[in-house]
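Trainee: 3D, please:
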Amino acid sequence: MKKIHHLASLATAAVAFCAALTACGEEAPALTSPCAVVVDGSGSGTRLDAARLLREHLADFLYAKGCATLAFSPITGASESTKCNYPNVDLDPAAVPGADVTALRRRAYKQAEKTAADVLDCAKKEGATEAPGSDVLGGISKAVGTRPEGTGAYHILVISDFAQSDSTVDLYHDSLAPADREMIIARLNAKARIPDLSGTTITYYGFGAGYAPSQAGRVALLRAFWAELVTGPGHGTAPVQGN
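Mentor: Alright, predicted model coming up:
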């Protein structure tokens with residue numbers, strides 16, 4: 001049964017990937033959305049398999065959001081000053097008349113996946129040697145600051161457990177009761193740590209992965225913290241779990 005399920009999953013993925021590229025033989029619509037992927041290499045959560053989540057979800061995200069250009073942002077202990085800087089990938093390369101747009105976009109998708117994996121590897125090495133901790137907010141801020149050109153909302157995919165842990169806050173251990181959440185968010189805002197997320201969507205995978213299964217209540221408090229931060233001083237819409 002496992003083999004049959006695996007083959008069915010591959011078939012479904014192939015259909016989705018084909019649709020993502022050119023609707024399989026039909027004229028390809030132009031892609032317009034600016035997008036980014038923020039990937040957690042900080043090691044803050046040993047249960048977070050970021051490499052697997054990238055493989056499973058990045059291509060589907062790019063298709064669902066109609067991404068034209070993809071920027072990359074790592075999460076380390078010092079995300080905004082990271083050395084893991086990689087160029088954007090153009091997911092809708094201009095084609096001369098008669099060019100195989102399907103092949104062009106397929107190569108672009110593969111390049112996006114490879115670059116995201118390289119960013120993750122770089123972040124892991126940097127986190128282990130230079131920047132311990134987990135600056136999730138800094139990774140998102142860096143993505144906001146490097147927004148590619150495009151029209152419409154800015155779509156950000158975040159692969160992380162979202163457990164911010166740096167000199168400002170430790171979301172593994174700090175109290176996340178309502179009043180304490182409010183104080184932490186106010187402190188972060190006073191330090192200009194919260195980016196302007198208006199016109200931005202955040203889709204995530206791996207949320208709370210660093211916590212034990214017995215800590216479901218703590219994960220719910222963490223989710224409330226991020227929703228309040230993003231929709232409050234971040235002026236955005238609450239992050240959502242990817243499908």
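Trainee: In which helix or strand does the closest residue to residue 61 other than its chain neighbours reside?
Mentor: In space, and not counting its chain neighbours, residue 61 is closest to residue 157: 4.8 Å by CB to CB, 6 or more residues apart in numbering. The C-beta positions use only the backbone N, C-alpha and C, and glycine is treated the same way. For residue 157, the host element (DSSP states H and E) is strand 154-159.
Trainee: Moving C-terminal from the longest helix along the chain, which element do we reach first?
Mentor: Longest helix in the chain by number of residues, with DSSP state H as the criterion: helix 101-129. The helix or strand immediately downstream of helix 101-129 is helix 136-145, counting by DSSP H and E.
Trainee: mind exporting that following helix as CSV, just the C-alpha atoms?
Mentor: In CSV, the C-alpha atoms belonging to helix 136-145 read as follows (Å, rounded to 0.1, in the frame of the first residue of the first chain):
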residue,chain,number,x,y,z
VAL,A,136,13.1,34.2,12.8
LEU,A,137,11.9,37.8,12.8
GLY,A,138,15.2,39.0,11.3
GLY,A,139,14.8,36.4,8.5
ILE,A,140,11.4,37.8,7.7
SER,A,141,12.6,41.4,7.9
LYS,A,142,15.4,40.6,5.5
ALA,A,143,12.9,39.2,3.0
VAL,A,144,10.8,42.3,3.3
GLY,A,145,13.9,44.5,2.7
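Trainee: Averaged pLDDT, that helix. What do you get?
Mentor: Confidence over helix 136-145, taken as the mean pLDDT, stands at 96.
Trainee: Packing partners of that helix?
Mentor: strand 33-40, strand 67-75, strand 154-159 (3 or more CB pairs under 8 Å, 6 or more residues apart in numbering; DSSP states H and E).
Trainee: centre of the chain versus that helix, how much separation?
Mentor: Put simply, helix 136-145 sits 10 Å off its chain's centre (CA atoms, centre = their mean, to the nearest Å).
Trainee: Stretch 226-242 too?
Mentor: Using CA atoms, centre = their mean, the offset of stretch 226-242 from its chain centre is 14 Å.
Trainee: distance between the ends of it?
Mentor: 16 Å (CA to CA, to the nearest Å).
Trainee: How about that stretch, which residues are buried there?
Mentor: 226, 227, 228, 229, 230, 233, 234, 236, 237, 239, 242 (16 or more other CB atoms under 10 Å).
Trainee: Farthest pair within these?
Mentor: 233 and 242 (24.4 Å; CB to CB).
Trainee: thinking again about what came up before, would you confirm that the residue nearest to residue 61 contacts residue 60?
Mentor: No: with contact defined as CB atoms under 8 Å, residue 157 does not reach residue 60; the gap is 9.8 Å.
Trainee: I'd like to know how many residues surround residue 100.
Mentor: Neighbours of residue 100 under the rule other CB atoms under 10 Å: 11.
Trainee: Mind pulling the model confidence for it?
Mentor: 84.
Trainee: which phi and psi does it have?
Mentor: When read as degrees, to the nearest 10, the backbone of residue 100 gives phi -80, psi 90.
Trainee: Residue 170 now?
Mentor: Main-chain dihedrals, residue 170, degrees, to the nearest 10: phi -130, psi 100.
Trainee: out of everything not next to it in sequence, what's closest to it?
Mentor: residue 164 is the one closest to residue 170 (CB to CB, 6+ apart), at 7.6 Å.
Trainee: what's the distance between the one you found and residue 105?
Mentor: 35 Å (CB to CB, to the nearest Å).
Trainee: Pick out whichever of the two has more residues nearby.
Mentor: Neighbour totals were compared for residue 164 and residue 105, and residue 164 leads with 29 against 21 (other CB under 10 Å).
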